[in-house]
Structure formats: structure tokens, C-alpha cells
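Participant: coordinates for the following, if possible.
(chains A and B)
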Amino acid sequence: MLAIYKKELRSYFTSMIGYVFISLFLAIIGVYFYIYNLVNRAANFEYTVANVSFIFVLLVPLLTMRIMAEENRQKTDQLLLTSPVTAADIVLGKFFAVFTILFMVVAVISTYPLIMSRFGEVPYASAYASLFGFLLLGGAYLAMGLYLSSLTESQVVAAVITFIVFFITLFMDNIAKSISTGSKSAFIFFTVLILIICFILWLMMHNLTVSVGTAVVGEGILLAIYLSKPALLEGSVIKVFNWLSANARFYNFYMGIFDLSDIIYYLSIIVLFLFLSIQVIKKKRWS
Amino acid sequence: MIEVKNLVKRYGNHTAVNDLSFTVNRGQILGFLGPNGAGKTTTMNIITGYISATEGTVTVNGIDVFEEPEEVKKMIGYLPEFPPLYPDLTVWEYLNFVADIKKVKKSARRQMVNDVMEATKIADMRNRLIKHLSKGYKQRVGLAQAIMGYPEVIILDEPTVGLDPKQIIEIRDLIRDLSKNHTVILSSHIMQEVNAVCDSVMIIDKGRLILQDKPENLSLHFGSTGGLKLVIKGNKNDVLNELKKIGRITKIEEKESLEEGTVSFTVYCKEDDDIREEVFYSMSKNNTPILEMQSIRMSLEDIFIKVTQDDAFINEDKPEVYEDKTEDLSSSADKEEVSNNAGDL
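Facilitator: Okay, here's the model as predicted:
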């Protein structure tokens, strides 16, 4: 794993991409920091952090698009997969390398509150809590980007898909706010969701019994809940949307709420997508 | 060393490898020969653990590739069809990375990278970015990657593609050198290459093993059409009459003569009949000296084309394997060396 980590990290700096990412990131944060904290004289660094979190959507696809797709295109995956390294080594090495780049950015901006402390009182706790949340949020985005990149051979396709997915997650909590909370609409929503899942299952496995079986079982359970305890479904759609929104939980950090469940949420997103990436690599062998 | 049993690989309805079995012994160079799409690359990808097989087993040193892929991967160096290179790294950085993932000890790494670069003659290019190298050099860096860590088994998929003739000879020498300490499997669709390098040749077509033998024996099994090409100094009728007296000759064909005052014939006899001496003495008695005499034999190309086009061959249940006959055939191996008995008597 260490071998891949070192090589990946170096490759960010032998090509432009590492420098571009770090400098762009710092430039944007610099502008926000200047406007929010210096010009408007606010001591709360978390304002800046919260407002720049959208740049993950723009910059992370840039960083992760080549991460696996380029290996697939250059056929260098053949070297990795015929060497005595496991799929987990490959994915973890790559993830930690790209995370290190993000960490470098966060390390630089973590000095900003210290700069502000020269001019007055700075609430360090909320500033660094939000930075910690920022790092977790970034890690979750990176893991998603890595997974999406492993699905394709083309960097452009990887970048576009990643961008679209991030864009949707960004607006998920706004969408959630405008959704009706009634149990009937929840029932319709989950019905559609089950059908979509079954369709994807069929596309992947070409097995009619499995996908139809899943649909029947899923619908059965849903119907049973809807008829017996409709209260369970009330507001559940919003919960699902919020769960899918990577940003929603970040605002807890921003508001100074250091909740363990939020940390676990981000860590499990990271673990989930790294696990999926490992499966994609392993699956290649069996296709 | 390597044992492949009943290997089958299917992609949907397409069968890429169909019931392939063979063994490779330590220190042997095995050549895969076959037309494009014969299943050579697929077989190699399966042995190296890059893809799985639908059925069958592959063991290297007694370890199953499908059960303990990591253990097997430690023993194998692989040069795929397209060398897996990172264009943005220098040769030196790349080979260090390869040494690292192949678990070469840190203390030995520097020395080994240098040795490997020496062996593949890329030491001059160590600080160049790989994307700036020519095709031939890229191929050599790929080869360097395959032998990094000196694995017991080296698998090379068309190692000389894209090289110039001088480089081809160098790479062949290198492969022969490697076989002293390593087991080598290489694939090719170039006959001379297989002929020059390999101890044993497997002809594969449509995923099936068609024939396995030593390269020099292949032509013996198929090449004994029995016949001589002759260029004789003298009158045409004179020579023809004399040739007709030799009873063992079954057929005489006249060819166009290129030299003034000579005649050209191709004579045929029964398979594995040697009429060279008889022809020589009869012409000698006749005072029509033989200027050139050449036995007809099938080239590997001919065998290859015959074998891969012949449906009867492919449909046979058991492929023909001539593995152990080599000893008693070695004496007759001289025979198929093109015998030029040129001489003014």
C-alpha cells in the first residue's frame, strides 16, 4: 500500500494537477477569508469554511477523475493486478494519497484563525471543529470521486459523472425541504425507488427472477408498513434525502455541534465507497 | 513448475480458451504460437491472475492461482501486450516503483534496478520521462518491469513487437539468458522467433491446443513431403532419362532454369525416404554434375498455416503432443537443415 501511496502522491506533483488543485483551493478560500473575516471583521472562521464547502463540487472531480480511469486506459492496472498487491492496497494507497493533498490545503488554512487572533478574540473551538468537518466532508467527496473514476476508462466521463453526482448531493437538502411529508407520497416515492433499484439489478445481472423477486418482496414490505403503520412513513422521504445529502451534516459542524453520529456518517460514506471501489477492481477479474 | 489443466474461458457465448492443458518445466522456454485471437493473451492473463478462468485450474509451483493469487503473483513477472507504463514517470522512478510493489527489499532495490536496466540496455534512458521514449525503448522498459525482482516465472506477451531487427536479436539473447534461471512463457505469431528461442512450441488456434513439440521437430512431423530441388549441369533429356531410372522417385517436375547450360528439376519420393545419395551417384555416373541440391521441407509458416486451417486437426478430440520423442529424432534433425550439396565434382 505504501508503494502505491508514495507513487500516487509523487505523480500529483510531477504533473500539474496537484499544484493546480492546491493553488486554486487556496486562492478561493483566500478570497472568502478576506471578504468574510478581514473586510467584514468577523472573528468566526467557520463562516468562511461553510461558504467555501461548495468548491468540493468543482475541484474534487478535477482531482479524482484520473485516479482510476487513467490506470484503466493506460492498462497499467495490469501491472498492479499482476503484482503481489491486493485490490485494497491499491484503493487505499490511492485514497490516502489524494487525501494527503486535501490535508495539505487544510493544514495551510488552519493557520488562518491564528492570524486572526492577532486582532482579537477568536472562537477556536468552532473554527477548528468546522475545519475538521470540512476535512471529513472532503474525504467523503474524494471517496465518491474515486469510486466513480474506477467505473470508466475515460477521465472526461469520470469528471462529468462525478460533477453531476456531487451537484445532486449538494442540492439534496434543498429538495428535501420542499417535499411533502405525507405517508401517501412516501409510499409512491419508495415504490418508484424500488422499481429503479430492480431495473438496475436487471441491467447488471440479467436475471429476471432476482429483480422481479426483489420488487415483489420490497413492495410487499412497503405495503405492509403503509397499511399497518402509516406513521412510520411520514417524513421518511425527507430523512432519505437528508441522508443522501453529504452537506446537510456538515452544517452541524459549522454551527458548532460536534456530534459523533456526524463523524460516523462521514467515515461510513468513505468506507462504503472505498469498499465499492475495491469490489469494482475485484470484479474485473471475474468478468 | 506451471501446470495448466482443462482451462476454459468463456465470454458469454464466445469461447476464448477451450479445454487447454499443458505443463512447463523449470528452466524451459515455452512458446505460444497462434493467429490473432487464438487465446494466447487470454491464457497468459489467466496464468498471471489478471482474469479468472471459467473452468479448470492453474498451479504454479503447486500453488493454485485462483485460491492464493497473491502467492502466485510473487513468483510471476508479466509483460502484457501493451507495456503497462506510467508516461509521467522517468524510467528510474518507474522501475523503483515496480521494485517496490514487487516487494524487493529496500536495501537491494537500488542494485537490482541498476542490474535490470543494464540487462535490458536502458541505463542511458534512466532520467527520461517514459512518454518521451520510442516504442522500442518502451518495450524494453516493459521487459525490465517483468524481470524486476527476478521472479521464477516470466511471461512475455509478444515481447519483440515494434522493435527493430537489432533490438529483436538483443531481446532474444536476453530471453535465452533469462531461461538459465527462470521459466519463460512467451507468445508470438512470428515463427522464426519461436524457432530461435523456444525449447517447446505450442500451436494454439481458436482456444485449443493443436500441437506441442520442440520447434525443430515440428517440421519433421509435417515437413517430410520427401523431395529434392535439383540444379544440374547438362542436357535436359539426358538428365531426365537418368532420373527416370531411379525407381524410388515417384514424380519429376521440371522447373525453369535460371543459368545457361543447366536444368532444374524438383523430384519427389516417398515420405521419410532419403534418395540424396542415389541421385548423387547416378548423376555422377552420367557425367551431369549436380550444382545444387536442396531437400524440400515445410517451413514453420507452412506447418502453421496447414495446422490452423485444417479443420480436421481442430476437430480432433485429442491434440497431438509429441513431447518425449525428441531424443531419437535428434539424429535426423540434421537432415532438415537445408542441405546444400553444391559442388563442381
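Participant: tell me the domain ranges of chain B?
Facilitator: Using the TED database, the domain parsing of chain B gives B:2-215, B:227-297.
Participant: the first one near chain A anywhere?
Facilitator: Yes - using CB under 8 Å from any CB of the partner chain, domain B:2-215 comes into contact with chain A via B:48-52, B:70-71, B:73-74, B:76, B:78, B:80, B:82, B:84-89, B:93, B:97-98, B:100-103, B:145. Backbone N, C-alpha and C define where each C-beta goes, glycine included.
Participant: now find how far off-centre that domain is within its chain.
Facilitator: 14 Å (CA atoms, centre = their mean, to the nearest Å).
Participant: figure out the helix or strand that residue A:219 lives in.
Facilitator: In this assignment (DSSP states H and E), residue A:219 forms part of helix A:208-228.
Participant: state the mean pLDDT of that helix.
Facilitator: Average pLDDT, helix A:208-228: 87.
Participant: please identify the buried residues of that helix?
Facilitator: Residues of helix A:208-228 classed as buried by neighbour count (16 or more other CB atoms under 10 Å in any protein chain shown): A:211, A:215, A:218, A:222, A:225-226.
Participant: if we can go back for a sec, looking at the domains of chain B, which is nearest to residue A:267?
Facilitator: domain B:2-215 (27.5 Å; CB to CB).
Participant: so which elements touch the helix or strand containing residue A:241?
Facilitator: Residue A:241 is located in helix A:236-244, with elements delineated by DSSP H and E. Under the contact definition 3 or more CB pairs under 8 Å, 6 or more residues apart in numbering or on different chains; DSSP states H and E, helix A:236-244 sits against helix A:155-177, helix A:183-205.
Participant: let me know which of these is tucked in deepest.
Facilitator: Neighbour counts (mean count of other CB atoms under 10 Å in any protein chain shown) averaged over each of these peak at helix A:155-177, with a mean of 17.
Participant: quick one: contacts of it?
Facilitator: A:54, A:56-58, A:60-62, A:64-66, A:68-70, A:73, A:141, A:144-145, A:148-149, A:151-152, A:237-238, A:241-242, A:244-248 (CB atoms under 8 Å, 6 or more residues apart in numbering or on different chains).
Participant: return the backbone torsion pair for residue A:153.
Facilitator: Main-chain dihedrals, residue A:153, degrees, to the nearest 10: phi -100, psi -10.
Participant: which sections of the stretch 151-287 of chain A are below the confidence cut-off?
Facilitator: A:287 (pLDDT under 70).
Participant: repeat that with 90
Facilitator: Applying pLDDT under 90 to the stretch 151-287 of chain A picks out residues A:153, A:165-215, A:218-219, A:221-262, A:282-287.
Participant: contact residues of chain A facing chain B?
Facilitator: Proximity of chain A to chain B, by CB under 8 Å from any CB, involves residues A:2-4, A:6-7, A:10-11, A:14-15, A:74-86, A:284-287.
Participant: for the stretch 201-345 of chain B, give the residue positioned nearest to chain A.
Facilitator: Nearest residue of the stretch 201-345 of chain B to chain A: residue B:207, at 17.7 Å (CB to the nearest CB).
Participant: pretty sure that residue sits against residue B:14.
Facilitator: No - taking contacts as CB atoms under 8 Å, residue B:207 lies outside contact range of residue B:14: 9.3 Å.
Participant: doesn't residue B:251 lie inside a strand?
Facilitator: Yes - counting by DSSP: H, G, I helix; E, B strand; the rest coil, one finds residue B:251 located in a strand.
Participant: tell me the bridge partners for it.
Facilitator: Beta-bridge partners of residue B:251, counted by DSSP bridges, are residue B:268.
Participant: tell me which stretches of chain B form helices.
Facilitator: Using DSSP state H, the helices of chain B run over B:40-47, B:69-75, B:91-101, B:106-119, B:135-147, B:165-178, B:191-197, B:215-223, B:236-245, B:276-285, B:300-309, B:311-315, B:326-333.
Participant: could you dump the ones you listed into TSV with distance to residue A:278 added?
Facilitator: Output for the helices of chain B, formatted as TSV (distance: least, CB to CB, whole Å):
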stretch	distance to residue A:278
helix B:40-47	20
helix B:69-75	14
helix B:91-101	17
helix B:106-119	27
helix B:135-147	24
helix B:165-178	34
helix B:191-197	39
helix B:215-223	44
helix B:236-245	75
helix B:276-285	67
helix B:300-309	41
helix B:311-315	41
helix B:326-333	48
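Participant: out of those, flag the one nearest residue A:99.
Facilitator: Residue A:99 lies closest, by CB to CB, to one member of the helices of chain B: helix B:91-101, at 19.8 Å.
Participant: what's that closest one packed up against?
Facilitator: Contacts defined by 3+ CB pairs under 8 Å, 6+ apart place helix B:91-101 against helix A:2-14, helix A:77-81, helix B:106-119, helix B:135-147.
Participant: export those helices to JSON lines and tack on mean neighbour count, mean pLDDT and distance to residue A:24?
Facilitator: Output for the helices and strands packed on helix B:91-101, formatted as JSON lines (neighbours: other CB atoms under 10 Å in any protein chain shown; pLDDT from 0 to 100; distance: least, CB to CB, whole Å):
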{"stretch": "helix A:2-14", "mean neighbour count": "18", "mean pLDDT": "91", "distance to residue A:24": "14"}
{"stretch": "helix A:77-81", "mean neighbour count": "23", "mean pLDDT": "92", "distance to residue A:24": "29"}
{"stretch": "helix B:106-119", "mean neighbour count": "15", "mean pLDDT": "91", "distance to residue A:24": "36"}
{"stretch": "helix B:135-147", "mean neighbour count": "23", "mean pLDDT": "90", "distance to residue A:24": "33"}
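Participant: can you put those in JSON lines and add distance to residue B:172?
Facilitator: What follows is these, written out as JSON lines (distance: least, CB to CB, whole Å):
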{"stretch": "helix A:2-14", "distance to residue B:172": "32"}
{"stretch": "helix A:77-81", "distance to residue B:172": "24"}
{"stretch": "helix B:106-119", "distance to residue B:172": "13"}
{"stretch": "helix B:135-147", "distance to residue B:172": "12"}
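Participant: closest to residue B:168 out of those helices?
Facilitator: helix B:135-147 (9.3 Å).
Participant: name the nearest residue to residue 18, ignoring sequence neighbours.
Facilitator: Because you didn't say which chain, this covers chain A. The spatially closest residue to residue A:18, leaving aside those adjacent along the chain, is residue A:12, at 3.2 Å (CB to CB, 6 or more residues apart in numbering or on different chains).
Participant: looking at chain B here, not the other one
Facilitator: Nearest one to residue B:18, counting by CB to CB, 6+ apart, is residue B:207 at 3.9 Å.
Participant: number of nearby residues for the one you found?
Facilitator: Neighbourhood size, residue B:207 [other CB atoms under 10 Å in any protein chain shown]: 23.
Participant: now it: phi and psi?
Facilitator: Here is the backbone geometry of residue B:207 (degrees, to the nearest 10): phi 80, psi 10.
Participant: what's near enough to touch it?
Facilitator: Contact analysis of residue B:207 by CB under 8 Å, 6+ apart lists B:9, B:15-18, B:20, B:38-39, B:42.
Participant: name whatever forms a beta bridge with the residue in the stretch 151-300 of chain B positioned nearest to chain A.
Facilitator: Proximity of the stretch 151-300 of chain B to chain A (CB to the nearest CB) peaks at residue B:155, 8.8 Å away. Beta-bridge pairing for residue B:155 (DSSP bridges): residue B:78, residue B:185.
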